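>>> got a structure for you, letters missing:
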């Protein structure tokens, strides 16, 4: 229980909050704005610009966006380093445009605030500080070194030195103020969310312990009479076996074990016990536990376990974390729901990674939604003939969203694909022609090294 609580509220959960699609969309807006500003400046204000180099800068952003769109799925969530790299690229591209168009004489120099504000809301304090420092350096450089703005007639468009210095001060203060303000507001929102999550977890824990207490109380009540009888009989046997010491020892052992059973029931009580031996299990057992609710649903589940290149024959001992089991269970449920007859679960492990593939023989994922699988509220309009495939299912995508989020919290990376060309007819039942979900963990995250000396005694569950 304590490990789960820390895992849910740790700061590392925020590492993948920013989606690639969000930053790509913002960059498209920036590209459109830059192109419009250049067009207006040329057509209406008759400015003389280094138009070739300006379009090179805008073209670099266009190429970067196209590469991101084709190389990664739409719902990819970025790590902190990836977000920082994208924001640094945008900052550098904007700085180059400002250098070409008058530096701080260009009113669009205020847009330097945008990457810093995004960083303050999504990244760590260290990353935001680094990006803010780079932004201040860039503003300073383009204020000192830039190509002056001129009209086609050669007239210079430039603010007085006092106003340029004031603009530099304003932009610098704006960078610091917006970063601090956005960081503060975002931190308060995160704190409130974590407090709400902690409250929900506490309520769930209390409900679980209440239920457990009822079971323990019922067990203690039902076992009270048998244990008392065993204790009474053991005492009578000890009195009758005074002359047989070897038999009397057995009677004493029976009595002591009855007392131990009573003490165990009493110690569990409402607090419950945290079974240390249940924190880890072989990989195959964790998969079977996740798949158990879907074994009797009319579909065949085939589980194949094998070591990869360099992997030991023995299965890794996987942490039985609730998010892992529930996430896998949702993926298996989705596969069973859409499978024609069979679902395959292949598990491969090496000394560096643990990989699962969940494959079915159904129709596969909708091609137009393949890049967005794992986003919430992704709705698929179904034709009349498809409505009988899953009666009563609205196709909101919440199950896959929950599974993807939970498994990514455990350190996994997920990949969704189809086993056949979506334009070809569905494969025959029993062939791997449907949806494929790959789940890959670094082995150190899902199967940490354990102390060979043993786990020790079970401890009461801590609040």
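Sure, I can see it. Given the structure is predicted, the values throughout are model-derived calculations rather than measurements. Residues are numbered from 1 along each chain as shown.
>>> Sketch out the strands for this structure, chain order is fine.
Applying DSSP state E to the chain gives strands spanning 47-48, 149-151, 156-157, 273-274, 280-282, 300-307, 317-319, 342-349, 353-360, 413-418, 435-442, 459-460.
>>> So which residues make contact with stretch 71-78?
By CB atoms under 8 Å, 6 or more residues apart in numbering, the list of residues contacting stretch 71-78 from outside reads 16-21, 23, 86, 370-375, 408, 416. Placement of C-beta: from N, CA and C, glycine included.
>>> what comes up buried for that stretch?
Of all the residues in stretch 71-78, those buried under the rule 16 or more other CB atoms under 10 Å are 73-78.
>>> where's residue 71 relative to residue 134, distance?
Residue 71 sits at a distance of 25 Å from residue 134 (criterion: CB to CB, to the nearest Å).
>>> Can you report how many residues neighbour the closest residue to residue 374 other than its chain neighbours?
Nearest non-adjacent residue to residue 374, counting by CB to CB, 6 or more residues apart in numbering: residue 404, 3.9 Å away. Other residues near residue 404 come to 25 when the count uses other CB atoms under 10 Å.
>>> Do I have it right that residue 404 meets residue 415?
No. Contact criterion CB atoms under 8 Å: residue 404 and residue 415 do not qualify, at 10.6 Å.
>>> how is this protein carved up into domains?
As assigned by automatic domain parsing, the chain contains the domains 2-198, 208-276, 280-446.
>>> what mean pLDDT does the shortest one have?
When the per-residue pLDDT values of domain 208-276 are averaged, the result is 74.
>>> residues touching the residue nearest to residue 374, list them.
Contacts of residue 404 by CB under 8 Å, 6+ apart are 327, 374, 414.
>>> on that earlier part again, now, of the contacts of stretch 71-78, which are buried?
Buried among the contacts of stretch 71-78 by 16+ other CB under 10 Å: 16, 18-21, 23, 86, 370-375, 408, 416.
>>> Nearest to residue 429, out of those residues: which one, please.
Nearest to residue 429, judged by CB to CB, of the buried ones among the contacts of stretch 71-78 is residue 416 at 21.8 Å.
>>> That closest one and residue 293: what is the separation?
Remark: distance between residue 416 and residue 293 (CB to CB) = 22 Å.
>>> same question, residue 57
55 Å.
>>> Out of the strands of the chain, which gets nearest to residue 449?
Closest approach to residue 449 among the strands of the chain is made by strand 317-319 (9.4 Å; CB to CB).
>>> Which of the domains of the chain comes out lowest on mean pLDDT?
domain 208-276 (a mean of 74).
>>> Can you pull up the most central residue in the chain?
residue 408 (3.3 Å; CA atoms, centre = their mean).
>>> ok, now how distant is it from residue 76?
11 Å.
>>> ok, back up a step: cross the buried residues of stretch 71-78 against helices and list the overlap.
Judged by DSSP state H, helices contain none of the buried residues of stretch 71-78.
>>> which one of those residues sits closest to residue 448?
Checking these against residue 448 with CB to CB, the nearest one is residue 77 at 23.7 Å.
>>> buried sites along stretch 125-144?
Those would be 127-129, 131-132, 134-136, 138-139, 142-143, for stretch 125-144 by 16+ other CB under 10 Å.
>>> Next step: those residues restricted to helices.
Under the assignment DSSP H, the buried residues of stretch 125-144 contribute 127-129, 131-132, 134-136, 138-139, 142-143 to helices.
>>> Out of the residues you listed, which is nearest to residue 398?
Set against residue 398, the nearest of those by CB to CB is residue 127 (31.1 Å).
>>> Could I get the contacting residues of residue 405?
Residues in contact with residue 405 (CB under 8 Å, 6+ apart) are residue 327.
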